[in-house]
Every structure is written in structure tokens, then in C-alpha cells.
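In: below is the sequence, then the predicted model.
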Amino acid sequence: MRSEKKYVPPLFETKRARGLVFFRSFAVTLFVGICLILFYRVSNIPRDGEEGRWVWIGLLGAELWFGFYWVLTQALRWNQVHRLTFKDRLSQRYEKDLPRVDIFVCTADPVIEPPVMVMNTVLSVMAYDYPPEKLAIYLSDDAGSDLTFYALLEASRFAKQWLPYCKKFDVQPRSPAAYFVSKSPTGDGGGQSQTMDLMAIKNLYQEMADRIETATMLGRIPEEARLEHEGFSQWDSYSSKRDHDTILKILIDGEDPCSTDTDGSALPTLVYLAREKRPQHFHNFKAGAMNALIRVSSKISNGQIVLNLDCDMCSNDPLTVRDALCFFMDEEKSHDIAFVQFPQWFANVTKNDLYSSSLRVITNVEFHGTDGYGGPLYVGTGCFHRRDTLCGREFSQDSKIEWKKHNDHRRQQSVHKLEEETKTLASCTHEQNTKWGDEMGLKYGCPVEDVITGLSIQCKGWKSAYFNPERKAFLGLAPTTLPQVLVQHKRWSEGDFQIVLSKYSPAWYAHGRISLGLQLGYCCYCFWAPNCLATLYYSIVPSLFLLKGVSLFPQVSSPWLLPFAYVIFAKYTYSLVEFLWAGGTVLGWWNDQRIWLYKRTSSYLFATVDTVLKTLGFGDTAFVITDKVADEDVSQRYEKEMMEFGATSPMFEVLSTLAMLNLFCLVGAVKKVIMNYSIHRLHETMPLQILLCGVLVLVNLPLYQGLLLRKDKGRMPCSVTMGIALKGYFVVLLLALLSSPEAVFGIRFVIDREECFSHDVKYEGDTVHVSFVVVKVDSSWHYSDDGVDLVVKGPTGDQIHDFRDKISEKIEFVAHQKGVHRFCFTNKSPYHETIDFDVHVGHFSYYDEHAKDEHFQPLLEQISKLEEALYNIQFEQHWLEAQTDRQAIINDAMSRRTIHKAFFESAALVAASILQVYLLRRLFERKLGMSRV
Ligand SMILES: O=c1ccn([C@@H]2O[C@H](COP(=O)(O)OP(=O)(O)O[C@H]3O[C@H](CO)[C@@H](O)[C@H](O)[C@H]3O)[C@@H](O)[C@H]2O)c(=O)[nH]1
Ligand SMILES: [Mn+2]
């Protein structure tokens, strides 16, 4: 028997992703591998006093972090689901009762967000396949620019032709610019009539675009246009984008029977809003704009569903609103869904996605994972909200909307009166002593207002849904230069990190309010920023110790190498497969790894520092708007997938310093392996350190090119290159201080009568540096001048130098012949003496290699010079240390502690100056830097 209740087919379905069992088993093996690595670390910590103890403990810390973070990323994959909608069922059941939908488009700067682009977004949503009388589009202009208003006025006129055209030919996509690009010049498909119409509408569009662009270029609107529309009078009292009255104009009133398109059909409502701005009132960026929109729209159209779009996010599918409604209007499953997030795709991503800005894996994998645990994060653009939940409504079992009841909203007063009444809702003072920005609307005080708002909604018991349809719903513009990418990610990671530290922390506040899986998922994003610490450690320390000759990972012969090998191999193979599955290319994956590293060592570092400073009460929040336009040549290089550095940025200095450091270390290590300088066979004792350092160098190739080889405008700015040269010097100094000189060539021996050493000088003309110090004499009471003699002989037995009765000496000479040189010491005193002896041959290898590829010449030169400098400093350092040792032994009071003290003092000094430079930089960045609002 069937149940009494009539079966109503659902409006949407949720399906488990396939292959989850396989994935989970795989994840478990990786987990075991990670545990083994940690076990190895813990059980092999060097004992107190042994070399590298603290470095080892640091590595343990970094690996603990990576392990923990890996667990978080698994939460995003453990329980993926996919959604399916049934729009036809929606039409069948609800076509007459479809709810009102309000669409908010935000813009904030007519220069970096060109009005033509904004109008394409507006037109694309005006043309939604949805009853126009139920659609209202609001453009929020945070610049309060008459240029944008003028453009919107033009667009409202063009819409009267564009909307009927779209309907007539069922056009896709409905952003005019994107549509015309997709149409080949000859016009494919469609009949004669469509070709004619296409030509006509295209011309109309072009004319409109030209007018808007001209006005934008001149920075003012034509006088006749100003006189023609009374709306411009609102700018009479305007003084600047930070100081003006509320400007509100209903350009198309959907309820006015006279506002129709050329076919006589109704048009959607179209409203321009620039909320009031005053210098003494903080405006809270996009969150402030959104809250003003929520209030203003509640008086004008009061749609129960609200869609938020960035000004560059054009609609790409005319049916998207209906897709979203399937999640809100299902009879059984909709009562607890507060918002539906669509993915953010970008129209301008190149094939191999140089900056990894498509966020492919997040979009195609991770958000499906959050959806399995109660719903995705709210990430701004492309999100449909229920108005009541956005305004702070708590969840309860009777939260279901009665769609039919709400639809008979008709207003009485005239448009003009409505405008005047509504204006006050967008004034600066309206929010004073209200819950706006806290309990109501989008939250203030966080650079990612969206994420924190979404989290608080979910904490009230609501769920969300993630819909990632085959045909992309929205297409935006991704940043096209490296500094922009890094700055954007700094804002995101900083905002996310602030959320962990805020009242709404996903780590504790959310506990018990949302599912554990989602909590971990949130943490994964919110802990982006602190990743910088472990990553910096991993990209600096193992490389330095590679150069120093200290092994920090298992040797080739050790069975402990296995878990490392497995984890590395499995993790990266998985990540590659996942990336390809998400629609990427192999090169795209490689680029993704690079950006992963760059983000972690620059954006996240600055985000962490700024968050800490902010928590301590320094600094303020800023919102750096992402550029949506690029110069011609910048765009060309972007198309060619050439990395664009261009501007100076403190982030570049960090990136370049790291890149250079790894290059030195690798070159140093390779040289040791090839020349067999070292007693340790590096490739056997330190395979992983070589691998790590090598991969870091490979990943950084575009940086070396940008620093040293490229000549175009997108190269690294000269100031950075110079800065790096200077910093290179510091790094070298630091390296010299860190590496113990004994590891290189020095030798300490006890001499009785005579002792000889030989050293092969490989090239004629090399400079030989020799130094020795008598460190200790085996007699506790006798400290007279007990010097030794040293005779230096060339390959043919000719005497080059002869020293008599010296306690210490430091010389250099040019070898006139290549071959084995001999150094013989004679001790004439009756006591054993300890001598510290050091020999080092300086050779500029690039002189004779005549580098095959001239592009590499400057690079090799730089490396050789720096390397030479490095060894010279080490040499000096060694000599000084031997001297100090002697002193220390002679004079008991002089302990090594003094040296350490000096070392720490200078380290503190360096740290202090780095901090100073950083703060100064920040100051200048604030003053001159990218446009901030
Ligand atoms: O004071 C402001 C600053 C920005 N915006 C608008 O906010 C949108 C997003 O700015 P954008 O510079 O493009 O930042 P993105 O990092 O690309 O934006 C992403 O991240 C933001 C949070 O940092 C979200 O709000 C966005 O929806 C999401 O697309 C744009 O339309 C701006 O016009 C304002 O309206 N007022
Ligand atoms: Mn954007």
C-alpha cells in the first residue's frame, strides 16, 4: 500500500561522490606514513649538546603542523556530495508564485572597475530568464561616481533592446560583451533575421560602450546628458567619494506600467545607490555597502531572495535564479537552507593558469566536501541568500517560507516619494545604536565579511548548499599580475585568520553548533595564514644545513627513508591526479605548486604579521580592491603566461631572498658532490635535502628569470633586484655565521715535530688563502712565544713562502702553476702544540667555462661571485675563531659565552632592522601603494 501523502518529486537531489571508499583507504595509508615520520623525528632528536638539536626540534614542529594541517584538508574531501536541480518541476509547481529576487551588484572605483564592465554584469542579470516584475537589480556604487551613474543610465536604455533580443533568440551568455565575443563575425547559426538583428544590436552596444568609455577616459560626462536627466542634480552637493550625501535613483520602476522594453514587456526594476559617506564615519567596505542595500531594497522591492555579485561577475546562464530557487522551494528539504553558494569561475584564466587563480581544487573538490558536512562557506559573489536569515533570523522548525503569502506586495506612494523616504536608510548615522554589522546583515570588522557572516548563519542552525552546475553560472575576472594575486590572498588569509581569533571562531565558538567536519573545513581555510611559519622553516633550514653538511632526514641506507618517500610520492601523485580530475593541466598543477609556495611565504607571512600587529592594537583593516583592468602589454604577457612582477612590493623581496638562498645552497651542495670535497657523500647522506632544495630551485625558475634575465617591463623592478643583491650579502654573512668553518677545509691537529699537508690547486692563477693559528700548547705553565715554522712549496718543489716562529699567520698568494702544493709545519718547542690550519683556493669558475648559453652568463657570474664571497668570509671567520680559541685558552676568563653574546646581539640588531624596514615599507605601501578604499 502506498502512503496517504501524495508523493511530490523533489526539486533537488543530493548525491554522494563516487570513489569515496577508495579515497578514504588511501588517506588512511598516508596517515600512517605521516605518523611514522613523526615517530622518526621524535625518536631521533639529537641529545643535548649534539649538533642540530634545536634545528631538529624545529623540524618536528613544522612536521607536526603539516600533519595537523593535512588532517584538516582531509575533512574537505572525506564526505563530498554533488547536487542536482529540477527546474522544470519548479516551473510546473511554482511558475505563478515565484518569489521576488533582489540582485545586488557592488562596485567601488570607476578606474579599476571600468563602468562598461560593470554594465555588462548589470545587463547580464537584468536579462535573467525570470519574470521581470519579480526581479530588481541594485547597483551599489561606493565611489559615488556620476560616471557609473551615467553608465547605468545608458545601460537602462540599452536594456530595452537587449532584453527582447535575448528572449527572442534565447541568447547565451547574456552579458553583451561576452555574447558578441562568442559570436563569430560571420554569425553562425540562426537565420537571416538573426544576423540582421545581431548586427543592429551589436552596433547599438558598441555605441553605448564608446560613449561610456569616452566619458570614463575624460573623467566627466557630456554636458547634454547631464541636463537631460534630473538624477545628476544629486551630485550638486557632492564633494568627494569619501564625502557625499546618499544618492539614490530608481532608474527603472518595475511597477510602473509605462516602463517597458521595445516589445512592450515589463522590465526589471533598476536602482542606483551610493550610500552616504562622511570622513568621520567608517564605511566598512563591502559589508557596509551590502547592509545599506539590504535596507534600501526592503523598502523598494523587498525580495525574499537576495543575490550578491561583484561588479565583474557576469551571469553566464540565464536559468541560474531558477536553479537557486530549487534549493529554497523544495517542500521537504528547504526549510533549513539559508544560502546557496555558486562557484566563482573566471573568464580570463589562461590554459595553464599561471597564477592558479581559478581555485580549481577548492571549487571542484573542497567545496563539495564542505557541502557534505552542512554546506559551503559564504564566499561573497555568486551567493543567493534568504533575506530573513541574512538579517539575523535564528533557525527554528517553522522557518519555512510561505512563498504564496509574500507575493502580493504592492506599494502606494510615488517613486519620487519612495526615493526620498528610502534615502535615510543609507545614511551614515542610520546604523548607530542598531545591530547592523553585528547581529543583523553582514558583519563588520573583518576583511572577509562574507566568510564570517556565513559562519555565523550556520552557527544559528542553518544549512547552506553548494551548486556547481555543468554550465558555469557566473564568470568573473581573476587578477592578472603576481602582486595582485599576492595582495588578494593576503586579504583573504588575513581575514580568515582573524575569524579564528574572533568571537565566531570555528575552532571553539562553532563547536557543537556546526558539524565537526565543517568545523575542520573552516579551520583549513582559517589557518591559511599561519602556514607561513612551517613553510618558511622548511624552505630555509634544510637547505642551509645541506650546505653546512648536516643531515636532517634519513639517509639512503636507512629504512626510515621509506615513510618519507611514500608520503612525498603519494601526496604529490594524489594532488596531481586531483588537479587533473578537476580539469587542470599538468603544467597548471606545477604552476599551482609554485603559487602555493609564493602565497605561503609572502601573502600568508604578511597576513600573519599584520594580524598579530592588529591584535596588539597596531594597524587598521584595509580592503585593497583587485584591479579589473590591465595595460595592453601586461595583458599580452598574461596571455603568454609570463609571470608579471612589475611593481615593487615587499612581498617580492621575501620571495627573491628565499629563491636566491636556495640557489646558493643547491649550487654549493652540487659542487661538493661533484668535486668530492666533502668526506660525506651528500647524495647518499642527504637525498631528501638535495631533493627539497632542488625542487625549490626549480619552482623558483620564473623568479630567477624575472630577477636576472628578463628585460621587459614585467620583470622584477630594479629596486628589488638591487635590494636582493644587498640582501644577498647579508644572507651570505648569515650563512657564514651559521655554518661551522671546520666543515669546510679547516683542520686542527696536534704537532710533535713535523707535519706536512698537500692541497691540489686545479687551475693556474687561482688565489690560495692560507691561515694557521697555534691554538694550544701542552704545557699548563709555559706560555712563552712558541711559534712554529711553515714552509709552502709549489708543485715543482720551489719554495713559495717561508715563515719562522709564528703563532698565527694569514696570507694569500697566486698559484703560478697548477698542481699539488705542500705545506710543512715544524715545531721546535719541546711540547705538543695544537695548530688550526686552513687552506682555501679561490677560483672564478665562470672564467673558463664560457657559458654555453649567454643567457645564463650573468646568473652564473653572480653565483660564482657570491660563492667566492661566501668562502672568503668563512675563511676569515675560521681564522678569527681559531684566534679566539687561542685567546680563550690562554685567558680563562674569556669564555665562548662572549662570542655567543656578540652573535645574539648582532642577530637582534639584524632582526630589529628587518622589522624597521618592514614597517617603513608598510608605511610607504599605505601612502603610495595600490588603490585602497
Ligand atoms: O569598499 C568596498 C570595497 C569593495 N567593494 C566591492 O567588493 C567587491 C569585491 O572586491 P574585489 O576587489 O573584487 O575583491 P575579491 O577578492 O575579488 O572578492 C572576493 O573576496 C571578497 C572578500 O574579501 C568578497 O567580498 C567577494 O565577493 C569575493 O569575490 C567588488 O565588486 C568591489 O567593488 C565595495 O563595494 N566596497
Ligand atoms: Mn574580484
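Out: Thanks, I have it. Ligands and ions are numbered 1, 2, ... in the order given.

In: in the stretch 101-250 of the chain, which ranges drop under the pLDDT threshold?
Out: Scanning the stretch 101-250 of the chain with the threshold set as pLDDT under 70 gives 184-190.

In: near ligand 1, which residues of it?
Out: C106, T107, A108, E113, S140, D142 (CB under 6 Å from any ligand atom). (Each C-beta comes from the backbone N, C-alpha and C, glycine too.)

In: let's see that with 5 Å instead.
Out: Contact residues (CB under 5 Å from any ligand atom) of the stretch 101-250 of the chain with ligand 1: C106, T107, A108, D142.

In: try the stretch 351-500 of the chain
Out: G380, T381, V448, D450, Q488.

In: reformat these into a markdown table and put neighbour count next to each item.
Out: Shown next, in a markdown table, are these (neighbours: other CB atoms under 10 Å):
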| residue | neighbour count |
| --- | --- |
| G380 | 22 |
| T381 | 22 |
| V448 | 27 |
| D450 | 22 |
| Q488 | 20 |
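
In: closest one to R211 out of those residues, please.
Out: For those, the closest approach to R211 (CB to CB) belongs to T381, at 27.3 Å.

In: distance of whichever residue of the stretch 101-250 of the chain sits closest to ligand 2 from I221?
Out: Using CB to the ion, the single residue of the stretch 101-250 of the chain nearest to ligand 2 is E113, 8.9 Å away. As judged by CB to CB, to the nearest Å, E113 and I221 stand 17 Å apart.

In: which one is F232 nearest to, not counting chain neighbours?
Out: In this structure, F232 finds its nearest non-sequential neighbour in R226, 4.7 Å apart by CB to CB, 6 or more residues apart in numbering.

In: now do stretch 453-463, average pLDDT.
Out: Averaged over stretch 453-463, pLDDT sits at 97.

In: so how far is that stretch off the chain centroid?
Out: 26 Å (CA atoms, centre = their mean, to the nearest Å).

In: how about residues contacting it?
Out: 287, 336-339, 341, 374-375, 377-379, 389-390, 393-396, 441-443, 464, 499, 504, 506, 509-510, 513-514, 518, 522 (CB atoms under 8 Å, 6 or more residues apart in numbering).

In: alpha carbons of it, in PDB - could you do that?
Out: Presented in PDB, the C-alpha positions along stretch 453-463 are these (Å, rounded to 0.1, in the frame of the first residue of the first chain):
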ATOM      1  CA  THR A 453      28.800  36.100   8.100                       C
ATOM      2  CA  GLY A 454      28.200  32.700   6.600                       C
ATOM      3  CA  LEU A 455      29.700  31.000   9.600                       C
ATOM      4  CA  SER A 456      27.500  32.900  12.000                       C
ATOM      5  CA  ILE A 457      24.400  32.000  10.000                       C
ATOM      6  CA  GLN A 458      25.400  28.300  10.100                       C
ATOM      7  CA  CYS A 459      26.100  28.600  13.800                       C
ATOM      8  CA  LYS A 460      22.400  29.700  14.200                       C
ATOM      9  CA  GLY A 461      21.400  26.300  13.000                       C
ATOM     10  CA  TRP A 462      21.000  27.000   9.300                       C
ATOM     11  CA  LYS A 463      22.500  24.900   6.500                       C
END
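
In: what stretches of the stretch 751-900 of the chain score poorly on pLDDT?
Out: 778-785, 843-874, 876-878, 884, 887-900.

In: all helices for it, in order.
Out: 846-849, 857-890, 896-928 (DSSP state H, counting those that start in this stretch).

In: about what we covered before: CSV for the residues of the stretch 351-500 of the chain next to ligand 1, including pLDDT and secondary structure?
Out: Output for those, formatted as CSV (pLDDT from 0 to 100; DSSP: H, G, I helix; E, B strand; the rest coil):
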residue, pLDDT, secondary structure
G380, 95, coil
T381, 96, coil
V448, 95, coil
D450, 97, helix
Q488, 96, helix
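
In: check those against T269 and report the nearest one.
Out: Nearest to T269 among those, with distances taken as CB to CB, is T381, at 20.8 Å.

In: wait, that closest one sits on Q344?
Out: Yes. The pair T381 and Q344 passes the contact test of CB atoms under 8 Å, sitting 6.1 Å apart.

In: what residues are shared contacts of those two?
Out: Joint contacts of T381 and Q344 (CB under 8 Å, 6+ apart) are M313, F474, G476.

In: I'd like to know which of the residues you listed is nearest to ligand 2.
Out: G476 (5.9 Å).

In: got the phi and psi for that closest one?
Out: In terms of degrees, to the nearest 10, the main-chain angles of G476 are phi -110, psi -160.

In: kindly report the same for D102.
Out: phi -110, psi 130.

In: V296 should be in a helix, yeah?
Out: Yes. Applying DSSP: H, G, I helix; E, B strand; the rest coil, one finds V296 inside a helix.

In: what segments of the stretch 1-150 of the chain are helices?
Out: Counting by DSSP H, counting those that start in this stretch, the helices of the stretch 1-150 of the chain are 20-43, 53-75, 87-94, 115-126, 146-169.

In: for the ones you listed, give me a markdown table that also has distance to E812 and mean neighbour count.
Out: Listed next are those as a markdown table, based on distance: least, CB to CB, whole Å; neighbours: other CB atoms under 10 Å:
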| stretch | distance to E812 | mean neighbour count |
| --- | --- | --- |
| helix 20-43 | 44 | 15 |
| helix 53-75 | 33 | 17 |
| helix 87-94 | 83 | 15 |
| helix 115-126 | 65 | 26 |
| helix 146-169 | 69 | 22 |
